[in-house]
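Trainee: what's the 3D shape of this:
(chains A, B, C and D)
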There are 2 protein chains.
Amino acid sequence: MATGRTHRPATRSRGIPEATVARLPLYLRALTALSERSVPTVSSEELAAAAGVNSAKLRKDFSYLGSYGTRGVGYDVEYLVYQISRELGLTQDWPVVIVGIGNLGAALANYGGFASRGFRVAALIDADPALTGKAVAGIPVQHTDDLEKIIKDNGVSIGVIATPAGAAQQVCDRLVAAGVSSILNFAPTVLNVPDGVDVRKVDLSIELQILAFHEQRKAGEEAMAEALPAVAVVKDSSDQGPDGDVPAVMPA
Amino acid sequence: MATGRTHRPATRSRGIPEATVARLPLYLRALTALSERSVPTVSSEELAAAAGVNSAKLRKDFSYLGSYGTRGVGYDVEYLVYQISRELGLTQDWPVVIVGIGNLGAALANYGGFASRGFRVAALIDADPALTGKAVAGIPVQHTDDLEKIIKDNGVSIGVIATPAGAAQQVCDRLVAAGVSSILNFAPTVLNVPDGVDVRKVDLSIELQILAFHEQRKAGEEAMAEALPAVAVVKDSSDQGPDGDVPAVMPA
DNA sequence: AAATGTGAACTACTTCACAGCC
DNA sequence: GGCTGTGAAGTAGTTCACATTT
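Mentor: Numbering: from 1, shown residues only, chains lettered A, B, ... in the order given. Below is the predicted model of the structure:
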């Protein structure tokens, strides 16, 4: 049920901000949960809390999609689920291949959130002949030799790379040559791709390093707080740097 | 939630922008590769190319750390590796626990980039008694019952959650209560944590959805280009496309 | 009365372009 | 001449605050 007009074209046209796009899946997840509990409507305040963002941001985000709410009431959950799904392109099914079926590849193949949301694991590919033919998550692993054929036969445009770093660029090149134009890269390496190909990367060790940075900072502040009263903490052996406040203290 | 106000801005420590912090691991990786090839110095241009960023950005990033380069020459690789490592807090060793030893948890436990860079998997924890005692990546899996003791005995401040979504918040609460203040969350759910605790999330399905959005946009543009005439081939309702004709309709 | 949608103000990040040093 | 380091300009993203609508 969706007919009628209401709002003028609103020449917003050119592009939803990238930051907004990155949050839409978050909203969608929260909305799906509400939908499962048969909640009919939700306010920006409530939904924002569920998604872990601030409500002004959420309203602004939605405003890029259109005017889908009702003042004084809120948003219709089902309707919004549909609109966001459509915006994200999840009303169609995306066949995906996973290349590199080690622990990580297997984890991805088994990942349920996959199939549930517009994605279908069309094939698993690995370079190890010993794996060829074996089933992972009920899907037979195929050999890298057949990569191009697999991509083409299945009309795959999204590829997931879960190979070791050393193989990633080569796999990437082959995927792109075969027609893949979006890549999710789990290998800890920078991928070079031609224009028109999107790459997103997920790197565990980078995430941990960012956490370590903040963790270190916290440890430093604690130490500062304790030692603040009289003397400033000496700067250890650190050298230049604009006015360092480097914590020269070990956690104990 | 949101109790003890007045913590630190959390976004700036020594005035290093969060976006810069997020790139430091990238630079570090590129520098490490250069170091292994015994390259003594590198220019901002070269290093930027290796890290996949633009060189002005890289120089600006480094300027937040201090003046570590030499005009007319470039940066000393070893020195920069050390400075960035120190800045990120990687000159110390961070014990990490992984909770939830399914496919993903196992993949993380086996992930080499871990140990190599300042992190040590101190323990693996899972709620399944059948797993208890079994070794994964050479590390025995321990039972969730002992979570608090494990955290405390090992002085763990960084935790990785790789459980199903349903268990994540509970695990998170216990980790935090036991003293963990940085969490890397792989479960597809929003975690609520008190002030002072950092959470970073990695969500496969969100990444895929973002890719799908761009993929759809690409497909739309292609279609527009080849079939400009009136009839569109898209699914039922007309949608996207630059210069929208957004079919705004009201909820039932 | 309640809650959206949005200009305007603000903040964060990026890129330019060039002075300054080697 | 080459390359860094950085103010200044430009761009993207966030938050405020309130007019508007139901």
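Trainee: could you pull out the buried residues of stretch A:76-93?
Mentor: By 16 or more other Cβ atoms under 10 Å in any protein chain shown, the buried positions in stretch A:76-93 come out as A:76-90. Backbone N, C-alpha and C define where each C-beta goes, glycine included.
Trainee: burial of the closest residue to residue A:161 other than its chain neighbours, as a residue count?
Mentor: Nearest residue to residue A:161 in three dimensions, chain neighbours excluded: residue A:185, at 4.8 Å (Cβ to Cβ, 6 or more residues apart in numbering or on different chains). For residue A:185, the tally of surrounding residues (other Cβ atoms under 10 Å in any protein chain shown) stands at 25.
Trainee: for residue A:185, give the beta-bridge partners.
Mentor: Beta-bridge partners of residue A:185, counted by DSSP bridges, are residue A:161, residue A:201.
Trainee: list the contacts of it.
Mentor: Listed by Cβ atoms under 8 Å, 6 or more residues apart in numbering or on different chains, the contact partners of residue A:185 are A:161, A:168, A:172, A:191, A:199-202.
Trainee: swap in residue A:108?
Mentor: Residues counted as contacts of residue A:108 (Cβ under 8 Å, 6+ apart) are A:98, A:114, A:160, A:162, A:186, B:204.
Trainee: swap in 7 Å and give it another go.
Mentor: Counting by Cβ atoms under 7 Å, 6 or more residues apart in numbering or on different chains, residue A:108 makes contact with A:98, A:160, A:162, B:204.
Trainee: where does it land in three-state SS?
Mentor: The assignment at residue A:108 comes out as helix when based on DSSP: H, G, I helix; E, B strand; the rest coil.
Trainee: can you tell me how far it sits from residue A:130?
Mentor: The spacing between residue A:108 and residue A:130, counted by Cβ to Cβ, to the nearest Å, is 20 Å.
Trainee: related to what we said a few turns ago, from the buried residues of stretch A:76-93, which land in strands?
Mentor: Judged by DSSP state E, the subset of those located in strands is residue A:76.
Trainee: report the two of the buried residues of stretch A:76-93 separated the most.
Mentor: Checked with Cβ to Cβ, those reach their widest spread between A:76 and A:89, with 21.2 Å between them.
Trainee: show me where pLDDT drops low in the stretch 151-252 of chain A?
Mentor: Within the stretch 151-252 of chain A, the ranges that satisfy pLDDT under 70 run A:224-252.
Trainee: how about it: which residue is closest to DNA strand C?
Mentor: Scanning the stretch 151-252 of chain A for the residue nearest DNA strand C gives residue A:210, at 11.9 Å (criterion: Cβ to the nearest atom of the strand).
Trainee: quick one: that residue is in a helix?
Mentor: Yes - under the criterion used here (three-state DSSP), residue A:210 sits inside a helix.
Trainee: tell me the contacts of it?
Mentor: Contacts were defined as Cβ under 7 Å, 6+ apart; by that measure residue A:210 touches B:21-22, B:25, B:200.
Trainee: give me the buried entries from those residues.
Mentor: Among the contacts of residue A:210, those classed as buried by 16+ other Cβ under 10 Å are B:21-22, B:25.
Trainee: next, format those as CSV and append distance to residue A:119.
Mentor: Formatted as CSV, these follow (distance: Cβ to Cβ, whole Å):
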residue, distance to residue A:119
B:21, 31
B:22, 26
B:25, 28
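Trainee: ok, of those residues, which one's closest to residue B:122?
Mentor: Proximity of the buried ones among the contacts of residue A:210 to residue B:122 was ranked by Cβ to Cβ; the top entry is residue B:25 with 20.8 Å.
Trainee: who's in contact with whichever strand or helix holds the closest one?
Mentor: Per DSSP states H and E: residue B:25 is located in helix B:18-36. For helix B:18-36, the external contacting residues (Cβ under 7 Å, 6+ apart) are A:188, A:205-206, A:209-210, A:213, B:11, B:42, B:47, B:50-51, B:53, B:58, B:61, B:64, B:77-78, B:80-81, B:84-85, B:87-88.
Trainee: so which elements touch the next helix or strand after it?
Mentor: Next along the chain after helix B:18-36, taking DSSP H and E as the criterion, comes strand B:41-42. For strand B:41-42, the helices and strands in contact under the criterion 3 or more Cβ pairs under 7 Å, 6 or more residues apart in numbering or on different chains; DSSP states H and E are strand B:74-76.
Trainee: and chain A, is the strand it packs on touching that?
Mentor: No - under the criterion of Cβ under 7 Å from any Cβ of the partner chain, strand B:74-76 makes no contact with chain A; the nearest approach is 13.4 Å.
Trainee: quick one: contacts of that strand?
Mentor: Residues external to strand B:74-76 that are found in contact with it (Cβ under 7 Å, 6+ apart): B:40-43, B:47, B:68-69.
Trainee: go with 10 Å
Mentor: Identification of contacts with strand B:74-76 by Cβ atoms under 10 Å, 6 or more residues apart in numbering or on different chains yields B:27, B:31, B:34, B:40-47, B:58-59, B:62, B:68-70, B:80-83.
Trainee: gap between it and the chain center?
Mentor: 28 Å (Cα atoms, centre = their mean, to the nearest Å).
Trainee: what are the pairing partners of it, and which direction each?
Mentor: The partner list of strand B:74-76 in its sheet, established with DSSP bridges, is strand B:41-42 (antiparallel), strand B:69-70 (antiparallel).
Trainee: now do the very next helix or strand once past the first one against helix B:18-36, angle only.
Mentor: By that I understand strand B:41-42. Stepping forward along the backbone from strand B:41-42, the first helix or strand reached (DSSP H and E) is helix B:44-51. In terms of direction (axes from the mean of the first three to the mean of the last three Cα atoms, to 10 degrees), helix B:44-51 departs from helix B:18-36 by 90 degrees.
Trainee: close to DNA strand C: what parts of chain A are there?
Mentor: Applying Cβ under 7 Å from any atom of the strand, we find that chain A lies next to DNA strand C at A:10, A:43-45, A:55-56, A:59-60, A:62-63, A:67-75.
Trainee: buried among the residues you listed? Need that as a selection in PyMOL.
Mentor: Once 16+ other Cβ under 10 Å is used to decide burial, the buried members of the residues of chain A next to DNA strand C can be selected in PyMOL as follows:
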select buried, chain A and resi 43+44+59+62+68+69+74+75
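Trainee: most neighbours among the contacts of residue A:185, which one?
Mentor: Most neighbours among these, by other Cβ under 10 Å: residue A:161, with 26 neighbours.
Trainee: that residue contacts residue A:203, correct?
Mentor: No - in this structure, residue A:161 sits apart from residue A:203 without contact. The criterion is Cβ atoms under 10 Å, and the distance is 11.8 Å.
Trainee: what's the overlap in contacts for the two?
Mentor: Jointly contacting residue A:161 and residue A:203 under the rule Cβ under 10 Å, 6+ apart are A:185-187, A:189.
Trainee: which among those end up buried?
Mentor: Here, 16+ other Cβ under 10 Å leaves A:185-187, A:189 buried among the shared contacts of residue A:161 and residue A:203.
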